[in-house]
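Novice: just to be clear, the model below is a prediction. Sequence and coordinates:
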Amino acid sequence: MRYVTKSSMPEISVIMPVYNAGKFLAAAIESILKQNHTDFEFIILDDASTDNSLEIINKFCDPRIVLSANVENLGVARSLNKGIELARGRYIVRMDADDISMPNRLARQIRFMQDHPEIGISGGWVQIFGNGPPSIARVPSNPDEIAAYMLFETPLWHVTVIMRRELIIQHKLRYNPTFSRSEDYDLWTRAIVHFPLANLDEVLVRVREHGASATRANWDEMTKQTEIILGRLLEQSGFSVSVEDIAFHHRVGRGYRMNSKKEVEKAEKWLQNLIELNSQKQTFSDVYLRRAVAKVWFRVCSNSGPLGFWIFRKWIGSPLRHLTRPPSANLVRFLASIIWHRCRQAFA
C-alpha cells in the first residue's frame, strides 16, 4: 500500500527504516504523525520484515505516509539511501522504528535550520529510557567542537538528525553499506568536508534501550567498523598511527574503563600528544580540541572507579582537567563509583 501526500512539495521528508519492529512500531509512528509541525511526508521503508510490522503500518491511514516495502532485506544503509531517493522535502529527517520523537521536534529543527543556513546537518540530545532510570545523553553543539569531537566518536545522534536535501544531493552524500553498523558516523565524516554540522542543546527524541536493539546485538562488528573510520580520520588529520594505536584510541575516545594505572597514564599521554600534534598542524580549533580531550579524559577517569581514589587524584592532578569543568552531578557519580567499588572489593 502507498499513500501520497497532499502537498506536491512537503517541507520535510521523514524517513524511517523498519525491520521486525512490531513491538514498538506504533508508538514511533504516532510520535511523528502527532508532531506540532504538520507539513511533511513520512516515508516508511519496510525492509522485508517477517513479523507484523507491515500490518501495523497499514493500520495508519494518514495521507502523509509513503510506504515502500523492500522485496528482500537490504539493510539499514541501503534502505536509507532508497529513502533519500524517494524524499521530496527540502529537509530530510531521520527516525527509528523503536524510538519516540518529542511533539515539537520537527518545529524546533526547522526553525534552527532556517536560522542557520550555513549548517548542512544538525541533531540534538536524546533521552535514553527502557533500561533503568531515564537519562539525557548530551552532544556538543558548536560546529568547531563537533569537528574536534568527531576524532573520538560520532558527535550526532543519528535518530535526531535533519539534513538539507539539496546539499546531500549536490555533494552525492549517501550511506555506505560497507559500514552496516556505523553508517551514520561514516557519513558525518564525509559530510563535514563540505559544510558544518551542529546540534541543538535540547532533547529531540526519546531513545528506547532494549536487549533487541541493533547496537547491542552487533557490538563487535560496530567496533571494527568504527575503528576503520577512526583510523581514516586520524590519518587525514596528520596523525601517524598503527592498528594497535587505533584500537587504543577507540577505547580512550569512548571512555572505556582502564584496567590499570599504567593504562590510565598511557591514555593521558595519548591525549596530550593529540593536543601537541594539533598545535603544530592546526587541523582542528585548538580551543575546541582541548575541550573535547578534557571531556574524554574525565570520562576515562570516572569510568575507572575500580582503581580507587588514586584515579580521582590522577584526574585532579592532570593538566587535562583544567581544560573544562564537568557538571557537579558527574563529579558526584565519579566519587560514588569509587566508593561503591571500594566497598565491593572489601566484601568480596
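Specialist: Sure thing, it's come through. These numbers were taken from a predicted model, which means no experiment stands behind them.
Novice: CA only for contacts and neighbour counts going forward, please
Specialist: OK.
Novice: so where do the helices sit in the protein?
Specialist: For the chain, the helices defined by DSSP state H cover 22-33, 53-58, 76-86, 105-115, 143-149, 165-170, 183-191, 214-217, 219-236, 243-253, 261-281, 286-302, 309-317, 328-346.
Novice: right, so of the ones you listed, which gets closest to residue 198?
Specialist: Closest of the helices of the chain to residue 198 is helix 143-149, at 5.1 Å (criterion: Cα to Cα).
Novice: I'd say residue 107 and residue 37 touch.
Specialist: Yes - if you go by Cα atoms under 8 Å, residue 107 and residue 37 touch, sitting 5.1 Å apart.
Novice: quick one, which of those two is more surrounded?
Specialist: Higher neighbour count among residue 107 and residue 37: residue 37, with 17 against 14, using other Cα atoms under 10 Å.
Novice: report the beta-bridge partners for residue 135.
Specialist: Counting by DSSP bridges, residue 135 is bridged to residue 128.
Novice: tell me where the model's unsure across the stretch 151-300 of the chain.
Specialist: 211-217 (pLDDT under 70).
Novice: if you set the cut-off to 90 instead, what comes out?
Specialist: Along the stretch 151-300 of the chain, the model assigns pLDDT under 90 to residues 210-220, 236-240, 281.
Novice: hang on, residue 307 packs against residue 264?
Specialist: No - Residue 307 lies out of contact with residue 264 (Cα under 8 Å); the separation is 9.7 Å.
Novice: which residues do these two both contact?
Specialist: Common contacts of residue 307 and residue 264 (Cα atoms under 8 Å, 6 or more residues apart in numbering): none found.
Novice: more neighbours, those two?
Specialist: Just comparing residue 307 and residue 264: by other Cα under 10 Å the higher neighbour count belongs to residue 264, 22 against 19.
Novice: distance of that one relative to residue 81?
Specialist: Going from residue 264 to residue 81 by Cα to Cα, to the nearest Å gives 41 Å.
Novice: same question, residue 74
Specialist: 10 Å.
Novice: try residue 73
Specialist: To residue 81, residue 73 is 14 Å away according to Cα to Cα.
Novice: same check, this time on residue 335
Specialist: Separation of residue 335 from residue 81 (Cα to Cα) stands at 45 Å.
Novice: again with residue 20
Specialist: Using Cα to Cα, residue 20 is found at 19 Å from residue 81.
Novice: cool, and residue 236?
Specialist: Distance, residue 236 to residue 81, using Cα to Cα: 26 Å.
Novice: out of those two, which sits in the more crowded spot?
Specialist: Shown here are residue 236 and residue 81; by other Cα under 10 Å, residue 81 has more neighbours (17 against 11).
Novice: touching, that one and residue 174? I think so.
Specialist: Yes - assessed by Cα under 8 Å, residue 81 is found in contact with residue 174 at 6.1 Å.
Novice: just give the number of residues close to the residue nearest to residue 279 when sequence neighbours are not counted.
Specialist: Leaving aside its sequence neighbours, residue 279 sits nearest to residue 286 (Cα to Cα, 6 or more residues apart in numbering; 6.5 Å). Number of residues near residue 286 (other Cα under 10 Å) recorded here: 18.
Novice: i'd like the first residue to be 26 from this point on
Specialist: Sure, I'll start counting at 26 from here, so that last one is residue 311.
Novice: need the contact list for residue 311.
Specialist: By Cα under 8 Å, 6+ apart, the residues touching residue 311 are 300, 303-304.
Novice: give me the buried entries from those residues.
Specialist: 300, 303 (16 or more other Cα atoms under 10 Å).
Novice: ok, the contacts of residue 311 vs residue 368, which is closest?
Specialist: Ranked by distance to residue 368 (Cα to Cα), the contacts of residue 311 are led by residue 300 at 36.6 Å.
Novice: how close does residue 137 sit to residue 149?
Specialist: From residue 137 to residue 149 the distance is 11 Å (Cα to Cα).
Novice: who touches both of the two?
Specialist: Common contact partners of residue 137 and residue 149 (Cα under 8 Å, 6+ apart): residue 225.
Novice: so between these two, which is more surrounded?
Specialist: A direct count of neighbours by other Cα under 10 Å for residue 137 and residue 149 places residue 149 higher, at 27 against 17.
Novice: surely that one touches residue 182?
Specialist: Yes - taking contacts as Cα under 8 Å, residue 149 lies within contact range of residue 182: 6.8 Å.
Novice: now for those two: what residues contact both?
Specialist: Common neighbours of residue 149 and residue 182 (Cα under 8 Å, 6+ apart) are residue 164.
Novice: next up, phi/psi of the residue lying closest to residue 191 once chain neighbours are set aside, please.
Specialist: Spatial nearest neighbour of residue 191, excluding adjacent residues (Cα to Cα, 6+ apart): residue 115 at 7.0 Å. Main-chain torsions, residue 115, degrees, to the nearest 10: phi -70, psi -30.
Novice: list the contacts of residue 115.
Specialist: 35-38, 189-191.
Novice: how close does the nearest residue to residue 93 once chain neighbours are set aside sit to residue 92?
Specialist: Counting by Cα to Cα, 6+ apart, residue 93 lies nearest to residue 70, which is 4.9 Å off, once chain neighbours are set aside. In this view, residue 70 and residue 92 are 6 Å apart by Cα to Cα.
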